[in-house]
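[1] Fold the following, please.
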Amino acid sequence: MNNKDKNDYAKYPLVSLGQIFKDDRGIIQPLVTMSKPIIQSAVMIESKKGTIRANHYHKTDWHYCYIISGSIEYYSRHVGIEQGPSKLLIKTGQLFYTPPLVEHAMVFPEDTVFLTLGGGTRLSEDYEADLVRVKLV
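    Reported below is the predicted structural model:
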């Protein structure tokens, strides 16, 4: 994450991963450690090369995404900003965060698998009530 503006996740969504624990059994890579707020959903998403996801923002929900394989062209900007979105290529092994009120879209330049850990549930009625669709890309 850029040290100039650590709170501007629309421009600098990457999150530093915790220190790896390694022994003869293998490794443990911490992704997210928090006391509050609570993660209410964890999903694994597979996306095909050339597809687009998101093109929305959340009113109150937030999420961390960890790339297992592939990459994502991540577009984002704060709600109400007129200028074009920031674009960042996020690669395998990287983690990024999207807070509430940040418009975001994901373009997949290759087949990609990623985990999403969210503050809200993925129950359709909850998820859709918190979602506002936009045309970012």
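
[2] use CA for all of it now, contacts and neighbours both
    Noted.

[3] and Phe114, bridged to which residues?
    Residues in a beta bridge with Phe114, per DSSP bridges, are Ile45, Ile67.

[4] and it, what does it touch?
    Contact partners of Phe114, counting by CA atoms under 8 Å, 6 or more residues apart in numbering, are 44-46, 65-69.

[5] packing partners for the helix or strand bottoming out on mean pLDDT in the chain?
    Lowest by mean pLDDT, DSSP states H and E among the helices and strands of the chain is strand 26-28, with a mean of 82. Using 3 or more CA pairs under 8 Å, 6 or more residues apart in numbering; DSSP states H and E, the elements in contact with strand 26-28 are strand 21-23.

[6] The strand it packs on pairs with which strands, parallel or anti?
    Applying DSSP bridges, one finds strand 21-23 paired with strand 26-28 (antiparallel).

[7] Can you pull out the residues in contact with the least confident helix or strand of the chain?
    With CA under 8 Å, 6+ apart, strand 26-28 has contacts from 20-22.

[8] What helix or strand is Val132 located in?
    For Val132, the host element (DSSP states H and E) is strand 131-133.

[9] Partner strands of that strand and their direction?
    strand 52-58 (antiparallel).

[10] Which residues belonging to the partner strand are considered buried?
    52, 54-58 (16 or more other CA atoms under 10 Å).
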